[in-house]
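> Sharing a sequence plus its predicted fold:
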Amino acid sequence: MLELKDLRFSVPGTGDRSGTTIDIIKGITMTVPDDRFVVITGPNGGGKSTLAKLIMGVEKPTGGQIIFDGTDITDLPINERANLGIGFAFQQPARFKGMTVKKLLAIAAKQKGSCLECNTYLSQVGLCSKDYLNREVDKSLSGGELKRIEIATILARAPKLSIYDEPEAGIDLWSFERLTQTFEQVHKAHDGRSIVIISHQERIIDLADEIVMIKDGKIEKQGPKEEIIPLLGLYQGADPSCTLTYENLTDATRAAALAVGEEN
Amino acid sequence: MTEATTATATPEATVAKPKPLLTDIDEKLLEQIANLHGMPKGAFNIRKDGKLVERHSSANIEISTKTDHPGIDIRIKPGTKGETVHIPVIVAATGLTDVVYNTFYIGEDCDVLIVAGCGIHNAGDQKTEHDGIHTFYCGKNSRCKYYERHYGEGEGTGERVLNPTTIVHMEEGSYCEMELTQLKGVSSTVRDTEADLGKGAKLVLTEKLLTHDDQTAVSNMKFELKGEDSSVQVISRSVAQDRSSQVFNPLVIGETKCRGHVQCDAIIMNEASVKAIPGIEARSEDALLVHEAAIGKIAGDQITKLMTLGLSEKEAEDEILDDFLN
């Protein structure tokens, strides 16, 4: 179980704001129980990705606590958090000259030698292993291919808590379909593993047990998807196949949706 | 084609016997530079401290001692396919300067693998040096893969110097893939590589260099694309650590309709320095030549990603360097 207690993150201001402090995360408290599928959504610049990086240890909080399975991990380095069971798929994955897809997956799967299950992991993200295993994780891969390989590393690692930062970004429709099925399968296994996905995508939001809406560094709304989705305006007469998210709404619609939520 | 081998008795071979031919240190060096465990199969020539240890020729590959210089001639019969030649060199005597000339005559329509390399173990306080001058004549429509590794070790304070020269003459339609690697432990190196390519010939050359401590490396390369539709691809990957320095001077000259691509990538660490001066020179409007060079430290996002997979910062760095070079 992951617990965030009054988590805060600030950075020094630059330019016109030099000498001031800018608060990115303003005291977030939330819990991700075992076996839960949580989607974090909200407008750009609201602090979603920063929050995910704080959980993984990529950024250091300026206040508050992060507890994972009863252990205070607030000050632990990234790799120790990883070895405790937290995995993170970056929004913009790194490229490695000289490292093959097979090697990266083997490292993720904690195998020193070959990665016996590589075919499965690549298949789960819609890639054919014979075309990719021996390719380098470098600029020869497209953004979408790289993104899917990044997600495959988390599937290979199978951590207790998986965090995906906008897994849909840059992925084509067909691969995305396969990906949502994979997330669903992982969740349906009910093996105690939790998934946290930062997303604006309707299909992913619809998979969630719980939705957390973050805006301006704070949790604006949080609850079961049945309660939160109406606030996002996702299904209010819209074509189910289109992506209509909070971000896409007009200010008036957002205000109306939030007002409905407050009344509820 | 079968690979029947025949032992060739030479005066040098007689000197090296009786067994044991190789010490534990020699065995370790051979493993490092040629991935060998004991004597290789097929044609080979193992040289230690300027003398022959053992040699085998095969039915199609004849190895003989040069008469004008120290070194060997390797003659590969036309049509030889699927055979391998190993010619590793070990230098374990401190204070020795070993200069050797090895010439490969690869007949037409061959397809062969050549594995070379030099390992120095210097336990003393004097400089130990090996200068290998390798010349290749690649016959018409032949294919050749050439791997060369250099490695230095030893508890002594004496320098370990390796100065390889590689000269390649490629005839019409020939293809050559060369991988030249300096693993570690080489105090200084000056590497000279030259090639001239005939019609339709193709050369893919990859150089990988690691320097550390106060080591220095200079790599000079010159490729002349003389034949129509010839092409060369040069890939240089290097890592400079500590206070070491590296200089790269690759030059591709296109004299006719041809294609050339030079790519230098270097990772720089600590107080090291790297200078890359890739050059291209076109003497024909149909020459298509490209060069690119990049020098930089290990990207932070690479370290971070591997740490999210459970590796410590040091393990992540080692993994990135290992993959970059290997």
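It's in.
> From now on I want contacts and neighbour counts done on CA atoms only, so please keep to that.
Will do.
> so B:Lys305 sits in a helix?
Yes - counting by DSSP: H, G, I helix; E, B strand; the rest coil, one finds B:Lys305 located in a helix.
> which bits of chain A sit near chain B?
Residues of chain A lying close to chain B by CA under 8 Å from any CA of the partner chain are A:56, A:58, A:78-83, A:86-88, A:93-99, A:107-108, A:157.
> List only buried entries from these.
Neighbour counting with 16 or more other CA atoms under 10 Å in any protein chain shown marks A:56, A:58, A:78-82, A:86-88, A:93-99, A:107-108, A:157 as buried within these.
> rewinding a little: out of the residues of chain A next to chain B, which are inside strands?
Within those, residues falling in strands by DSSP state E are A:86-88.
> contact partners of stretch B:133-140?
B:99-110, B:144, B:164-174, B:176 (CA atoms under 8 Å, 6 or more residues apart in numbering or on different chains).
> From these, which land in strands?
Using DSSP E, the contacts of stretch B:133-140 in strands are B:99-106, B:144, B:165-170, B:176.
> Chain A: which of the residues you listed is nearest?
Chain A lies nearest to B:Cys176 out of these, by CA to the nearest CA, at 21.3 Å.
> count of neighbours near that closest one?
21 (other CA atoms under 10 Å in any protein chain shown).
> And it, how far from B:Val234?
Counting by CA to CA, to the nearest Å, the gap from B:Cys176 to B:Val234 is 12 Å.
> Tell me how far A:Glu184 lies from chain B.
Distance, A:Glu184 to chain B, by CA to the nearest CA, to the nearest Å: 23 Å.
> State whether that residue is indeed within a helix.
Yes - A:Glu184 forms part of a helix when assessed by three-state DSSP.
> my read: it touches A:Leu207, true?
Yes - using CA atoms under 8 Å, A:Glu184 is in contact with A:Leu207, at 6.9 Å.
> more crowded one of those two?
Taking neighbours as other CA under 10 Å, A:Glu184 and A:Leu207 compare with A:Leu207 leading, 18 against 15.
> quick one: that one and A:Phe37 touch, right?
Yes - if you go by CA under 8 Å, A:Leu207 and A:Phe37 touch, sitting 7.5 Å apart.
> mind checking the SS state of residue 221?
Since no chain was named, I'll use chain A. Going by three-state DSSP: A:Lys221 is strand.
> Chain B was what I was after
At B:Met221 the chain is in strand, as set by three-state DSSP.
> State the distance from it to B:Ser245.
B:Met221 is 17 Å from B:Ser245, by CA to CA.
> do the same with B:Gly95
Taking CA to CA, one finds B:Gly95 at 24 Å from B:Ser245.
> between these two, who's got more neighbours?
Set B:Gly95 next to B:Ser245 and count neighbours by other CA under 10 Å: B:Ser245 wins out with 23 against 17.
> Okay, helices next: where are they in the stretch 51-200 of chain A?
Per DSSP state H, counting those that start in this stretch, the stretch 51-200 of chain A carries helices over the ranges A:78-84, A:101-108, A:118-124, A:129-132, A:143-157, A:173-188.
> just the stretch 201-326 of chain B next, same as before
Applying DSSP H, counting those that start in this stretch to the stretch 201-326 of chain B gives helices spanning B:300-308, B:313-325.
> neighbouring contacts of the last one?
Right, helix B:313-325. A:96-99, B:208-210, B:237-239, B:298, B:302-303, B:306-307.
> and of these, the nearest to A:Pro43?
Within the contacts of helix B:313-325, the smallest distance to A:Pro43 is 27.9 Å, found for B:Gln302 (CA to CA).
> for stretch A:224-232, what is the average pLDDT?
Throughout stretch A:224-232, pLDDT has a mean value of 87.
> who does A:Gln31 bridge with?
Actually, residue A:31 is Thr. It isn't Gln. A:Glu3 (DSSP bridges).
> Tell me who's in contact with it.
Per CA under 8 Å, 6+ apart, neighbours of A:Thr31: A:1-4.
> Over to B:Asn326?
A:98, B:208.
> confidence score at it?
With respect to pLDDT, B:Asn326 has a value of 81.
> can you check B:Leu22 too?
Here, the pLDDT recorded for B:Leu22 equals 79.
> The one 4 residues further on now?
At B:Asp26 the predicted local confidence, pLDDT, stands at 85.
> Where does the nearest residue to it once chain neighbours are set aside fall, secondary structure wise?
Excluding its sequence neighbours, the residue lying closest to B:Asp26 (CA to CA, 6 or more residues apart in numbering or on different chains) is B:Ile90, at 6.8 Å. For B:Ile90, the element it lies in under DSSP states H and E is strand B:81-91.
> Next: B:Gly185.
Going by DSSP H and E, B:Gly185 is not in any helix or strand.
> List of residues touching stretch A:37-48?
So stretch A:37-48 is contacted by A:24-25, A:32, A:187, A:194-200, A:204-205, A:207-218, A:246-247 (CA under 8 Å, 6+ apart).
> Residues of chain B that sit close to chain A?
Applying CA under 8 Å from any CA, we find that chain B lies next to chain A at B:301-302, B:304-305, B:307-312, B:320, B:323-326.
> Pull out the buried residues from those.
B:301-302, B:304-305, B:307-312, B:320, B:324-325.
> quick check: domain ranges of chain B?
B:1-169, B:187-298 (automatic domain parsing).
> mean confidence score for stretch A:108-124?
Per-residue scores along stretch A:108-124 average to 85.
> how far does that stretch sit from the chain's center?
Stretch A:108-124 sits 21 Å away from the centroid of its parent chain (CA atoms, centre = their mean, to the nearest Å).
> for stretch B:152-170, same thing?
The answer for stretch B:152-170 is 10 Å, by CA atoms, centre = their mean.
> Kindly report the same for stretch A:58-68.
How far stretch A:58-68 lies from its chain's middle: 17 Å, per CA atoms, centre = their mean.
> who touches it?
A:1-10, A:27, A:50, A:53-55, A:72-75, A:78, B:304.
> run the last query once more with 6 Å
A:1-9, A:53-54, A:72-74 (CA atoms under 6 Å, 6 or more residues apart in numbering or on different chains).
> out of the residues you listed, what pair is the most spread apart?
Across those, no pair lies farther apart than A:Met1 and A:Phe9, at 21.6 Å, counting by CA to CA.
> Can you get me a residue count around A:Arg17?
By other CA under 10 Å, 10 other residues sit near A:Arg17.
> Quickly note the distance from it to A:Val11.
11 Å.
> What of A:Leu105?
Per CA to CA, A:Leu105 is found 34 Å from A:Val11.
> Of those two, which one has the most company?
The neighbour comparison of A:Leu105 against A:Val11 (other CA under 10 Å) goes to A:Leu105, with 28 against 12.
> Look up the pLDDT of the residue nearest to that one when sequence neighbours are not counted for me, please.
Of all residues not flanking A:Leu105 in the chain, A:Thr153 sits nearest, at 5.5 Å (CA to CA, 6+ apart). For A:Thr153, the model assigns a pLDDT of 96.
> For A:Pro159, list the residues it contacts.
Going by CA under 6 Å, 6+ apart, A:Pro159 touches A:85-87.
> In this structure B:Pro78 contacts B:Gly107, no?
Yes - judged on CA atoms under 6 Å, B:Pro78 makes contact with B:Gly107 at a distance of 4.0 Å.
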